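Asks: Dropping the sequence and predicted coords here.
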Amino acid sequence: MKKYNYLPAVLLLPLLCAPGAQAADNEVTGFVMPSVKSVNLSGNKAKFSEYGDPDSGFSGSVEVKSEAETGYVTFNADDIAQDTQNYTIEGGQYGKFRLDAFYNEIQHNNTFDAKTFYTGGVGTDRLTSPLSNVRYGQATTPAMVTLGNTFDYEISRDQYGAGLRLDLMKPFFANFSVSREDRQGLRPIGSANSSFPAELPEPVDYKTNIIQAEVGYGKDPYFASVGYTHSNFDNAYNTLYFTDIYATANQTSFVSLPPDNDYSKFDLKGRVKLPLKSALALAYSQSKAEADATLFNTLNQGGTIRTLTLADSEFNGRVDTTNYSAVLTSSPLDFLDGKIFYKNYDTKNKSDKISIIESGTTGQLGNDLFDYNKESYGIEAGLKLPGRVTLTPFYTKVETERPFTLLPATAAFNPSYDVTTDDNIYGINAKWKGTDFISANIGYERLDRDDNMDSFTMKHGTAVLDPYTRESYIASQKRDTYKLGFDVFPTDMLSLGFTLKHKDIDYDETQIGLTGERSNTYGVSANLTPNDTVSFSAYVDYETATREQLVRLGATTASTANPVDTIPTDAAYNATTALKDKSFDWGLGVNVIAIPKTLILSAQFDHTRSNGFADYTYGPTSAAFPPAGWTNDTIDFNTWDDYKKDALQLKGTYSLSAQVDLTGGYAYEKYRYSDGHYDNYRNVYNASATAGGYLSGANANPDYTANVVFLAAKYKF
Amino acid sequence: MRRNILMLSLIAGMVALSGAGMSVNSAKAAAPSAESCKDCHADQFTSFMKSRHAKGAITGPNGTGACLTCHGPSMAAHLEKGGGKGTGAFAFNKKADPEAKAAQCLTCHSDSKHLALWESSKHRSAGLSCDSCHSGHSSLAKNLKMPQTELCFSCHKDIKSEAGRQSHHPLKEGKISCSDCHDPHGSFSSKSLKGDSVNELCYKCHAEKRGPFLHEHPPVAENCLNCHISHGGNHNKLLEQKTPNLCHNCHTGSGHFTGPYTAANGFSSTTTVAARAVGRSCLNCHAAIHGSTAAGKQGKYLAR
């Protein structure tokens, strides 16, 4: 893979803008705004600052604009010295060229003070520890329980790049840009050896370079462009090695990490305006993604070294994608606005097909090559009717093919293959602009999806179940979506908005799997401005979502009869699941100009919460289920990613003079979380038995309460 | 906290640049036609003069400038009649026909590459025009009426609600913007996406998921949105549902994955704790869910 390191020098390119912005009529404006914040936090620091900087300290912003009649240069800096600092500089001459450069940091904090029993190598691709620390199932496992070594799950992205837009030779134009992202940190990764997991800190040390170029022509009625994109991803660690937790001797296991990859894309776009207020737009693109990997010829599984016989130890991955699209729009009559479109998206997996035989396992374990072709076309007609009503009926047809290239394999490993889906999507939207004080819109959409999964045997090994089982993302379904919205302006001071949305999905051919989804969404918003000095805003959103599943353990005796209808007599069991999520958020804001041109006060309160419930019901088939000591009334998860967040911000801005503003404020946040998978969290569970596992603490205990005081002084020039 | 000496270079360059030959707060020479509107439309005049549309190098067709470019040419009659509503000037208000308003802007901007697909855009067919989002008087980036995320949320309130939920892309934190993924002026893809497919778009920031892998996970290779939502939701990692139930949508029928994992299997259970009902559930073992380059059964199962 090629590597690039060209960007730092390019960042200074905007300085070339100087001639355009140094004319005598230049005007320089901007501001400098140093700031300080004090954070008082109890609880989970990472969750509090998921995308931010959690620490107290100084920061600031700067903006400089230099503008002339013919050109400009602007510079912005925000969150200076914070984990989220970003800088942009842009300049150019109007109608001739523009140069820009940026530097941006994105922080994503997941969990601080996670724990591991590995004593060495955290942050690298080799986790090491004395065997006594890590061996699972020993009579005493002191290090596993003590878990003395801590680390932080966090990812930092440093992004920088530059761009150039040339309009000097209008109607021809050209755009060039280069960017780079350095991503570093740790994320949790699972590792299963035998049947039990060990959660490990995966090192993240990625570099991604992107080059883009586009040249084109734009002059009515024609537009045409040619583009090229190249993206290069480099992972410093393609494998994570670790002292095996389950081995009886000192052995090393591994987990594969993302391979380096290389992507390039060439694209053409064009549009021509036609008579009768029509336009035809066309696009074509071809891309190629490649990745290489050296395959290991042994695998440690629970202390047993498995030998892998590989047809080829080097995997060369390649996926080619071709896309072409056409859109014809026309408004031949004042009341008609039509659109016809076609799109074909096709991927071909040209990777190596490698047969693999693993000792102790029957059959071949070769890789399956997944192709994908999606063809869609449709029509949309906007009809402007009297009474300021617009009706827009639409129809879209989507045909998707998913051919697999299979190597010989045992039935247990065969994925579903050659699944096609045939979608018919149709509906109508109506918009009424009504009067000056009210407008409304209503819409309906229907999706009829038909799959062909009843015509072949799928992967499950127990073929008797196949006619009843569907994979939801490719399963036949009937989906109805209804939308309704009002915007009302009873007075000049008040605006109100109402939205309703109902969605109902019936997976009508699925008897085992996801069988149905329903959701209802309600929203109300209001803005009130009684006079020039006070304004209020408020919103309420509420959503209920339910998903229903029927799951089945098929490894036991399988009847040849319909597995749903035979619940009372089938030795295997079925269970239904109903997952219910209720999301609710509301907010209230007020903005007051307490002293005109001198003092502005504002307050904003936001409340967000979710209540989930996982309702399980076993069929009346076996005494073994529900488990002993449990009933259908007690096995439900009463908390299911439940959370509640309150956020309050009070802020005041006082203008000392035309040049100086002082801003001060207080912010409060409280977050509480509860979930059946995390409540009473333990890093090590069932450590003294023969079943169990080790978790490092990722996502656990995210509750926090924070009080923040902030001050800023803004000097404008 | 990290510092980058590169930033100092940029700042230094900027300072040097702004200091060379520039007069701070120098008086701006107003275009005559704008001056003639100033007495009646003082606020509009002030905002216009701060905008890029007021720059001398930016002129309308046939050299017209300032107010006349967008509010004329019948503005002459407006002036002759001494102003007032309905006296000729083109107004960008709610009553005006969106197509007519857009046509005013397209007089100058129709050659822009950003508007090449405006005729087929969803915003156009929904009855929006340029002034729904932009103002010729704005001094913000792209002449937007307000910062971009706030602007988009003012109509897409359901997305605003989703983006505020506990698991979300950093939209409200300002680290990404709607236009990173969507083109409001139209694209060849549904939802006005900037990529030819959802995955192509996602891989721009999540290049490590691109592969190709030895063992692919077909729904992943097909569409990231088979498992994830894009704006925000209640479940970690922007998952549409919580695992293991998300996985049960496809993996049911046989094997250890098919049974329900209930409160009987959680940390609070006094009977059995299962790796599939605690922590990250299925992902406790099947870590390479986006694809694996490990050979053998564990690789095929995306567990290595």
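Replies: Nice, thanks for sending it over.

Asks: make it CA atoms for all contacts and neighbour counts henceforth
Replies: OK.

Asks: Other residues contacting stretch B:261-280?
Replies: Outside stretch B:261-280, the residues that touch it by Cα atoms under 8 Å, 6 or more residues apart in numbering or on different chains are A:196-197, A:616, A:627, A:630, A:634-637, A:676-682, A:685-686, A:692-693, A:695, A:698-700, B:243-244, B:281-282, B:284.

Asks: how about 7 Å then?
Replies: Residues from elsewhere that reach stretch B:261-280 (Cα atoms under 7 Å, 6 or more residues apart in numbering or on different chains): A:197, A:635-637, A:676-681, A:693, B:244, B:281-282, B:284.

Asks: Now residue A:182. Nearest residue, chain neighbours left out?
Replies: residue A:207 (4.7 Å; Cα to Cα, 6 or more residues apart in numbering or on different chains).

Asks: Residues in a beta bridge with the one you found, which ones?
Replies: Residue A:207 forms beta bridges with residue A:182, residue A:234, as assigned by DSSP bridges.

Asks: Smallest distance to chain B belongs to which residue of the stretch 201-350 of chain A?
Replies: Going by Cα to the nearest Cα, chain B is nearest to residue A:255 of the stretch 201-350 of chain A, at 4.5 Å.

Asks: Could you double-check that that residue lies in contact with residue A:240?
Replies: Yes - shown here, residue A:255 and residue A:240 form a contact pair, counting by Cα atoms under 7 Å, at 5.2 Å.

Asks: before we move on, what SS does residue A:46 have?
Replies: helix (DSSP: H, G, I helix; E, B strand; the rest coil).

Asks: what about it, how many neighbours?
Replies: Residue A:46: 24 surrounding residues under other Cα atoms under 10 Å in any protein chain shown.

Asks: next one: residue B:94
Replies: When neighbours are counted by other Cα under 10 Å, residue B:94 comes out with 10.

Asks: same thing with residue B:38?
Replies: Applying other Cα under 10 Å, I find that residue B:38 has 14 neighbouring residues.

Asks: Residue B:273 now?
Replies: 22.

Asks: Relative to residue A:673, how far out is it?
Replies: Distance of residue B:273 to residue A:673, computed by Cα to Cα, to the nearest Å: 21 Å.

Asks: Likewise for residue A:250?
Replies: Taken as Cα to Cα, the span from residue A:250 to residue A:673 is 40 Å.

Asks: the more surrounded of these two?
Replies: Neighbours per residue, other Cα under 10 Å: of residue A:250 and residue A:673, the larger number sits with residue A:673, 21 against 16.

Asks: that older thread, test my guess that the residue nearest to residue A:182 contacts residue A:179.
Replies: No - Residue A:207 is beyond contact range of residue A:179, at 10.6 Å (criterion: Cα under 7 Å).

Asks: how about residue B:282, secondary structure?
Replies: helix.

Asks: Could you count how many residues lie near the nearest residue to it once chain neighbours are set aside?
Replies: Distance criterion Cα to Cα, 6+ apart; nearest residue to residue B:282, sequence neighbours excluded, is residue B:276 at 5.2 Å. Neighbourhood size, residue B:276 [other Cα under 10 Å]: 24.

Asks: Secondary structure of residue B:276: a helix, I assume?
Replies: Yes - inclusion of residue B:276 in a helix is indicated when three-state DSSP is applied.

Asks: can you pull the contacts of the closest residue to chain A within the stretch 101-250 of chain B?
Replies: Closest to chain A within the stretch 101-250 of chain B is residue B:250: 3.9 Å, counting by Cα to the nearest Cα. For residue B:250, the contacting residues are A:470, A:471, A:472, A:513, by Cα under 7 Å, 6+ apart.

Asks: I'd like those residues laid out as TSV, including neighbour count.
Replies: Shown next, in TSV, are the contacts of residue B:250 (neighbours: other Cα atoms under 10 Å in any protein chain shown):
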residue	neighbour count
A:470	29
A:471	20
A:472	23
A:513	29
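
Asks: So which of those belong to strands?
Replies: residue A:513 (DSSP state E).

Asks: In TSV: the contacts of residue B:250, plus pLDDT and distance to residue B:179.
Replies: Converted to TSV, the contacts of residue B:250 look like this (pLDDT from 0 to 100; distance: Cα to Cα, whole Å):
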residue	pLDDT	distance to residue B:179
A:470	82	36
A:471	86	33
A:472	91	30
A:513	86	36
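
Asks: buried residues in stretch A:521-529?
Replies: A:521, A:522, A:523, A:524, A:525, A:526, A:527, A:528, A:529 (16 or more other Cα atoms under 10 Å in any protein chain shown).

Asks: which one of those residues is nearest chain B?
Replies: Looking across those and measuring by Cα to the nearest Cα, the closest to chain B is residue A:523, at 7.5 Å.

Asks: quick one: that closest one is in a helix?
Replies: No - assessed with three-state DSSP, residue A:523 is strand; it does not lie in a helix.

Asks: how about residue 159, what does it touch?
Replies: This is for chain A. A:103, A:104, A:105, A:180, A:181, A:182.

Asks: actually it's chain B I care about, not the one you picked
Replies: Neighbours of residue B:159 in contact, by Cα under 7 Å, 6+ apart: B:153, B:231.

Asks: which SS state does it fall under?
Replies: Under three-state DSSP, residue B:159 comes out as helix.

Asks: wait, what's in contact with the spatially most central residue of chain B?
Replies: Nearest to the mean C-alpha position of chain B, by Cα atoms, centre = their mean, lies residue B:178 at 1.3 Å. Shown in contact with residue B:178 (Cα under 7 Å, 6+ apart): residue B:149.

Asks: mind pulling up the phi and psi values for it?
Replies: Residue B:178 adopts backbone torsions of phi -60, psi -40, taken as degrees, to the nearest 10.

Asks: Helix, strand, or coil at the residue of chain B most remote from its centre?
Replies: What lies farthest from the middle of chain B is residue B:271; by Cα atoms, centre = their mean that is 48.7 Å. Here residue B:271 is coil, with the state taken from three-state DSSP.

Asks: now residue A:170
Replies: Residue A:170 is classified as coil under three-state DSSP.

Asks: Which of the three states applies to the closest residue to residue B:113 other than its chain neighbours?
Replies: If the residues on either side of it in the chain are set aside, residue B:113 comes closest to residue A:218, at 6.6 Å by Cα to Cα, 6+ apart. Following three-state DSSP, residue A:218 is assigned to strand.
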